[in-house]
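Q: With the input below, show me the fold.
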Amino acid sequence: MNNIIKMVFVLMVAYSFVACSPIEKDFGTGDVVTSTDQLNVTITPVMYKTYKTNKYKVHCTSPVICKWTTTASYISNDTTVMILGKGSQNIKLTALAADGSILTKTYSVTVDSLYYPVPPQWGYLCGASARTWVWAVDNTYSGSKWIWGNGGLTDTAPAWWGRTASDAASDGIDINGTMNFSLDAATFTKVESGVTSTGSFSFDMTPSTTTKGIGTLTINGTTILHGISQNDDKKVVYKFNIIKLTNDELILEYSTESNTYEGWYWVFKRQGFSY
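A: Prediction:
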């Protein structure tokens, strides 16, 4: 077996969240699974009255090590997973077989009720399934409608210096860029200057002690639109303080390392929203 693959797979952190007929069952035979058709899997919704809730029980009896992914990931062959959106959703299975090969399969499930509480930040950022965010070119946070710029650490938007949509366009910033946040495996997709990049995202809703941040947003594999710290040699930033997050607005901040009094601010809005 490929020991490196197995070690990485097994040591991944599993997230835990605290019944009726199975929605799907795949049957296979033999001691070594070589294809997804051989996976012996059952997936059943946790019911509330007649409604399928946002928890599903997943069970695999095949000789594999299972990783289930919704928005979080769970390493277990028998567990309950949490889904954060209603309607048609996906549960992804990544299975490590005995010969070291990795098999993947996506199961479509339906959520009728968010019976188990979901942190509201997920709904704000992703909507019911996925949501696209753009530059807030018509924001009302300054007379100049700055969409990006700097300010003090206790400000809530660019306050010292900033760029309007026209300024940003003149600087070569793509003011028509988009960012999409999806509940499906916490996927982040950015389109900027004609280039599409994908990654994932996560929250930590611990308030900041130095800014007005209500939590932090981390982007993995890429970054937000124009996600640089201007006065730190334009280094790429991946972790941001969330200054504001509602159904319509997203304001992020990054505290400059070279200046303990300065923060850089990004002002975004939900695509289709107008101030």
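Q: When you work out contacts or count neighbours from here on, use the C-alpha atoms and nothing else.
A: Noted.
Q: Flag the shaky bits of the chain, pLDDT-wise.
A: 1-30 (pLDDT under 70).
Q: can you pull out the helices in the stretch 101-250 of the chain?
A: 120-126, 165-170 (DSSP state H, counting those that start in this stretch).
Q: next one: stretch 232-246 to chain centre, how far?
A: Relative to its chain's centre, stretch 232-246 lies at 15 Å (CA atoms, centre = their mean, to the nearest Å).
Q: how about that stretch: buried residues?
A: In terms of neighbour count (16 or more other CA atoms under 10 Å), stretch 232-246 has its buried residues at 237-245.
Q: swap in stretch 59-69?
A: Result for stretch 59-69 [16+ other CA under 10 Å]: buried residues 59-60, 62-69.
Q: any idea which of the helices of the stretch 101-250 of the chain is most buried?
A: helix 120-126 (a mean of 19; mean count of other CA atoms under 10 Å).
Q: could I have it exported to CSV, CA atoms only?
A: This file holds the C-alpha atoms of helix 120-126, laid out as CSV (Å, rounded to 0.1, in the frame of the first residue of the first chain):
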residue,chain,number,x,y,z
PRO,A,120,-26.2,32.0,10.1
GLN,A,121,-22.9,33.0,8.5
TRP,A,122,-23.1,30.0,6.1
GLY,A,123,-26.5,31.2,4.8
TYR,A,124,-25.4,34.8,4.5
LEU,A,125,-22.3,33.8,2.5
CYS,A,126,-23.7,30.9,0.4
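Q: now what about it, what contacts it?
A: 84-85, 131-132, 180-183, 245-248 (CA atoms under 8 Å, 6 or more residues apart in numbering).
Q: still on that earlier bit, can you list the helices of the stretch 101-250 of the chain in CSV and add distance to Ser274?
A: Output for the helices of the stretch 101-250 of the chain, formatted as CSV (distance: least, CA to CA, whole Å):
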stretch, distance to Ser274
helix 120-126, 16
helix 165-170, 15
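Q: what pairs with Met179 across the strands?
A: Beta bridges link Met179 to Trp133, Lys190 when assigned by DSSP bridges.
Q: what about it, distance to Lys269?
A: In this view, Met179 and Lys269 are 10 Å apart by CA to CA, to the nearest Å.
Q: what's near enough to touch Ala98?
A: Ala98 touches 1, 32-33, 63-64, counting by CA under 8 Å, 6+ apart.
Q: Equivalent analysis for Trp266, please.
A: 147-149, 157-158, 251-253.
Q: Secondary structure class of it, three-state.
A: strand (DSSP: H, G, I helix; E, B strand; the rest coil).
Q: I appreciate the help and will end here.
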